[in-house]
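Novice: Return a 3D structure for these sequence lines:
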Amino acid sequence: MSNSLAPPRIAPAFALILAQSNLMTIPSKSRRSGGPKIDQGKLISSRNSLKTGTYSKLVVLPDENHEEFDSLLAQFNADFYPKDAVEIILIREIAVITWKKLRLEKLEQNYLVKQLSDPVTLEEFLSCGNGYTKETHQAWVERGVLDEEKQQRYIKILEFITPYKRQHVSEEGLAQIKAAFPKFYKLMIDFYKAFSPPKEGEPTCEEVAQFQVRFGEEELKFIVPAYFDVVIPSMKSSLWCTTHQEAIRQNVATIKQERLLNLMQLGRVQRAGDDLGRAFVRTLGEFRKHHEWRLKNTLGDASQLES
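Specialist: As a prediction, the model looks like this:
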């Protein structure tokens, strides 16, 4: 049974069993409103750009430590020793710019780490060539590479159950599966319980063999071959990923390098950092000019007093 046969209402049950088994609209643009008209709207508008805080009027964002900013400002005051109101204002502005630049660098680092550590998407995986399918992508992301023991168990289970695919499994056949692969049989019972009426105790092999389920508007199907339709492709995908693990790792590394290249080409964070850097140099220059002017006038006043 392919995934397309399963309606949305039973998808969670399939996902639950597979997870336990270890087997396997862009919103339309709104018209321009002309800006907020009420106080609450103006407040929200004033907090724009809080995502990075680069161009926000708020200095310390809600999730940041105000004491750390105060410590940074105190360090600048100790280094530059501002004397008048203008110098105090300029030094605080330098501290604010530095605070935002440090924040931006931290956000950039976290974002890059996340982008490079996130699993490959289905689209990225499919672009790698033959064998890279929806099923193998799910197997790689959820289960990765199988160890030797699990590989052998998968192979034996597949050899045993594949002849039963899309066929009715008798009570005797279920008993053989239970005896040969008890853990696999337990997972199959969990799948059965997801669709069967609640009942105390374990179901008998006869109850499981005779139980039927309907998916959407399809005809009734026996639960055991329906489970095999889900499990067999999942197990085969895991074995394929294990066999081709070196090629997959190389492709994943290439994909993440392309992600990094695309991020560098966007340059949004770099542009914001450049803006802050220019603002820092400009403000520092203003401080120096004012500082020199103040010293010059102070020395001039002192000379007049001596005369």
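
Novice: Test my guess that Thr162 contacts Ile232.
Specialist: Yes: with contacts defined as CB atoms under 8 Å, Thr162 counts as touching Ile232 at a distance of 6.4 Å. No exception for glycine: its C-beta is placed from N, CA and C like everyone else's.

Novice: more crowded one of these two?
Specialist: Applying other CB atoms under 10 Å to Thr162 and Ile232 shows that Ile232 carries more neighbours, namely 20 against 12.

Novice: Tell me how far the more buried one lies from Gln176.
Specialist: In this view, Ile232 and Gln176 are 17 Å apart by CB to CB, to the nearest Å.

Novice: Can you say which helix or strand has Arg294 in it?
Specialist: Using DSSP states H and E, Arg294 sits within helix 268-306.

Novice: which helices and strands does that helix pack with?
Specialist: Counting contacts by 3 or more CB pairs under 8 Å, 6 or more residues apart in numbering; DSSP states H and E, helix 268-306 packs against helix 85-117.

Novice: Show me which positions of the helix or strand following the helix it packs on end up buried.
Specialist: The helix or strand immediately downstream of helix 85-117 is helix 122-126, counting by DSSP H and E. Using 16 or more other CB atoms under 10 Å as the test for burial, helix 122-126 gives 124-125.

Novice: next SSE after helix 122-126?
Specialist: Following helix 122-126 in sequence, per DSSP H and E, is helix 134-142.

Novice: helices or strands next to that next one in the packing?
Specialist: By 3+ CB pairs under 8 Å, 6+ apart, helix 134-142 packs against helix 122-126, helix 223-243.

Novice: pLDDT (mean, whole number) over the shortest one?
Specialist: Read that as helix 122-126. Regarding helix 122-126, the rounded mean pLDDT is 94.

Novice: Run through who's touching that helix.
Specialist: Here helix 122-126 makes contact (CB atoms under 8 Å, 6 or more residues apart in numbering) with 132-134, 136-137, 140, 255.

Novice: Where does pLDDT dip in this protein?
Specialist: Residues of the chain meeting the criterion pLDDT under 70: 1-57, 264-270, 299-307.

Novice: Arg103 is nearest to which of the helices and strands packed on helix 134-142?
Specialist: helix 122-126 (30.1 Å; CB to CB).

Novice: So for the helix holding Arg294, what gets flagged as buried?
Specialist: Counting neighbours by 16+ other CB under 10 Å, one finds that the buried residues in helix 268-306 are 269, 272-273, 275-276, 279-280, 283-284, 286-287, 290-291.

Novice: Closest one of those residues to Lys83?
Specialist: For these, the nearest to Lys83 is His291 (8.3 Å; CB to CB).

Novice: Pretty sure the closest one sits against Glu87.
Specialist: Yes: if you go by CB under 8 Å, His291 and Glu87 touch, sitting 6.5 Å apart.

Novice: what residues are up against the residue positioned nearest the centre of the chain?
Specialist: When CA atoms, centre = their mean is applied to the chain, the residue found nearest the centroid is Asp118 (5.7 Å). Asp118 makes contact with no residue under the criterion CB under 8 Å, 6+ apart.

Novice: Glu286 now?
Specialist: Contacts of Glu286 (CB under 8 Å, 6+ apart): Leu90.

Novice: how close does it get to Phe280?
Specialist: 11 Å.

Novice: Count the residues that sit near the nearest residue to Thr136 once chain neighbours are set aside.
Specialist: Distances taken as CB to CB, 6 or more residues apart in numbering place Ser237 nearest to Thr136, at 4.5 Å, with adjacent residues excluded. Burial of Ser237 is recorded as 23 neighbouring residues (other CB under 10 Å).

Novice: from what I can see Ser237 touches Gln138, true?
Specialist: Yes: in this structure, Ser237 is within contact of Gln138 by CB under 8 Å, at 7.0 Å.

Novice: tell me how far the ends of stretch 208-215 are from each other?
Specialist: 17 Å (CA to CA, to the nearest Å).

Novice: So which bits of that stretch are buried?
Specialist: 208-209, 211, 213, 215.

Novice: which one of those is nearest Lys101?
Specialist: Checking the buried residues of stretch 208-215 one by one against Lys101 (CB to CB), the nearest turns out to be Phe215, at 56.5 Å.

Novice: three-state assignment of that closest one?
Specialist: coil (DSSP: H, G, I helix; E, B strand; the rest coil).

Novice: if I look at it, how far off is Gly131?
Specialist: The value you get for Phe215 to Gly131, if CB to CB is used, is 28 Å.
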